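Student: Using only what follows, build the 3D model:
(one chain, ligands or ions: 2)
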Amino acid sequence: MTQRYSLVAIILHWAIAALLAFQIAVGWALEDLGARGFSLYQWHKSVGMLILALTLVRIAVRYWKPRPAKLEGGWQGALASGVHVGLYAFMLGAPLTGWALVSTAKVQVPTLLFGVLPLPHLPLPAASHTLAENGHGLLAWLGIALFLLHAAGALRHHFLMGDGLIWRMVPGRSTALLVALPALILGGVVAGRAILPAPQAAPTPVPPPVAEQADTEIDNLAQMEAVNATAPADNAAANATQAAQEEPVGPPPAWTVQPGGRIGFSIGNDGETIKGSFAKWTAAIVMDPDHPDSADIKVTIDMASASVGDAYKDGMLPGEEFFGVAAHPTATFVAKGAEATGPNRYRASGTLTLKGVSKPQAIRFALSGKDAVRKVSGSATIARSAFGVGNGDSSTGLTPQVALSFDFTAKRKE
Ligand code: HEM
Ligand code: HEM
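Tutor: Numbers count the residues shown, from 1 in each chain. Ligands and ions are numbered 1, 2, ... in the order given. Model (predicted):
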């Protein structure tokens, strides 16, 4: 009779245990993150399906490779076996309910396992969604309870009974592994917490948004008016003192958007206001505040990063009714040239391409700060239906206009 489980059974035991810990740590964070956690959802689904696959292999191995005989009879032995059955049910049930809940969601978000393998949706009635969702959350707790019983049993055998049972799941009776393998479970929890995005809507400093803009000082209204009224060269002269410490007036400078910026939106819905933001976007900005006519602005927004801070609504945003992320992952705003509308205030009329539709769109913005670091804040009003956003059943209460606002700091590229 073998003394321990086969090596492959042992590897699967600990790998699955660690992955499950990761899975629960990420799962609990998903609802709070909403669409900010879009890539986390993909991770959660990928790792979950991996657990399902590994568990199926493990069950096959169980019948294939010899296992040690049961050590204990009586009610304790029965309890141990019962807990094992329960753990298998959890290892299968958690991924299956997860798969079912995704398949029956109102908005069918496509899943690409590990970014490569498309996960088909199970042909289940939409009515089973709530059951699957509740079951999914509950199974995690059931799994934790079983795990605690299971680990307590292992400890009891090890410390109270000293019968060496634990070595059946630890290769080579290695004390180092006896510590390291269970520590993998802790590692799974830590990894699950570590990949969560920073709390709050702190936009992930995506490939650092690049803003470009030229720069000379605009410090008062008179100069501002000069900018509006006269040719750029005149104003450069008026600005000579300040400009002396700055870059020579040359081609309009490019600007880099600093991490911590925000693009938010709000929309009325049956009398209440829904507010959200895009966690991922980049901007390439070339602009001389004194000569806005030569500005060149391009903002690219990752539409899958939209969140209104509500998991249910966030799940709908990427769908066909709203952003249609699968076919149109990004929206862009492009403007060549801007005009000054007041001191440090501008308007850029450009083109917004959203959900594959391109329309003229104006944005307004103001600059503050000076020299190489400027704060930019602005807004735009977007007529969403022109872009086919929100034209379905769930959108009847939505106001036609979406108010967009943005705030970020831009640093001049040297
Ligand atoms: C393999 C084991 C899995 C475990 C242990 C697990 C665990 C969890 C946990 C603890 C939550 C949070 C539930 C809550 O707070 O109510 C969650 C949420 C979620 N899980 Fe899983 N999960 C697993 C696999 C999967 C799979 C395979 C999928 C999809 C293919 C999936 C999709 C989801 C989704 C979409 C949520 C979001 C919450 C919701 O809409 O209710 N999970 N998961
Ligand atoms: C501190 C953590 C853990 C320890 C010390 C541990 C230890 C053990 C030991 C010693 C056995 C062999 C029992 C015997 O031969 O009678 C075993 C079996 C088993 N363990 Fe764990 N385990 C841990 C965590 C987990 C977790 C998180 C799961 C999964 C969800 C799990 C699932 C199983 C299953 C299903 C078996 C039965 C294997 C079979 O006979 O098919 N264990 N575990």
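Student: What parts of the chain come near ligand 2?
Tutor: Residues of the chain that fall close to ligand 2, judged by C-beta under 6 Å from any ligand atom: 13, 17, 20, 62, 67-68, 71, 80, 84, 87-88, 91, 147, 150-151, 154, 165-166, 168-169, 182, 185. Quick note: C-beta positions are derived from backbone N, CA and C, even for glycine.
Student: The closest residue to Met316 other than its chain neighbours: which element?
Tutor: Nearest residue to Met316 in three dimensions, chain neighbours excluded: Val107, at 4.3 Å (C-beta to C-beta, 6 or more residues apart in numbering). Of the helices and strands defined by DSSP states H and E, none includes Val107.
Student: tally of neighbours for Val107?
Tutor: 17 (other C-beta atoms under 10 Å).
Student: Flag the shaky bits of this protein, pLDDT-wise.
Tutor: Along the chain, the parts satisfying pLDDT under 70 run over 1-2, 34-37, 199-251.
Student: mind listing the helices for this protein?
Tutor: For the chain, helices defined by DSSP state H occupy the ranges 7-33, 38-64, 74-103, 129-155, 175-194, 221-229, 232-238, 240-244, 311-316.
Student: which strands and helices sit next to the fifth one?
Tutor: Counting contacts by 3 or more C-beta pairs under 8 Å, 6 or more residues apart in numbering; DSSP states H and E, helix 175-194 packs against helix 7-33.
Student: mind listing what's buried in the helix it packs on?
Tutor: Within helix 7-33, the residues that qualify as buried by neighbour count (16 or more other C-beta atoms under 10 Å) are 9-27, 29-30, 33.
Student: cool, and stretch 308-315?
Tutor: Judged by neighbour count (16+ other C-beta under 10 Å), stretch 308-315 contains these buried residues: Val308, Gly309, Asp310, Ala311, Lys313, Asp314, Gly315.
Student: The nearest residue to the first one once chain neighbours are set aside - how many residues pack around it?
Tutor: Spelled out, it's Val308. Leaving aside its chain neighbours, Val308 sits nearest to Gly276 (3.6 Å; criterion: C-beta to C-beta, 6+ apart). Neighbourhood size, Gly276 [other C-beta under 10 Å]: 23.
Student: OK, contacts around Gly276?
Tutor: When contacts are counted by C-beta atoms under 8 Å, 6 or more residues apart in numbering, Gly276 touches Ala35, Gly264, Phe265, Ser266, Ala306, Ser307, Val308, Gly309, Leu317.
Student: Most neighbours out of the residues you listed, which is it?
Tutor: The residue in the contacts of Gly276 with the most neighbours, by other C-beta under 10 Å, is Ala35 (31 neighbours).
Student: Near ligand 1, which residues of the stretch 51-200 of the chain are found?
Tutor: Within the stretch 51-200 of the chain, the positions adjacent to ligand 1 are Ile51, Ala94, Pro95, Gly98, Trp99, Leu101, Val102, Glu133, His136, Gly137, Ala140 by C-beta under 6 Å from any ligand atom.
Student: The residue nearest to the first one when sequence neighbours are not counted and Asp296, how far apart?
Tutor: Closest residue in space to Ile51, ignoring its immediate chain neighbours: Leu19 at 5.2 Å, by C-beta to C-beta, 6+ apart. Taking C-beta to C-beta, to the nearest Å as the measure, Leu19 falls 47 Å from Asp296.
Student: same check, this time on Gly319
Tutor: For Gly319 relative to Asp296 (C-beta to C-beta), the value is 34 Å.
Student: quick one on the thing from earlier: now the two most distant members of the residues of the stretch 51-200 of the chain next to ligand 1.
Tutor: Using C-beta to C-beta, the pair of those lying farthest apart is Ile51 and Glu133, separated by 18.3 Å.
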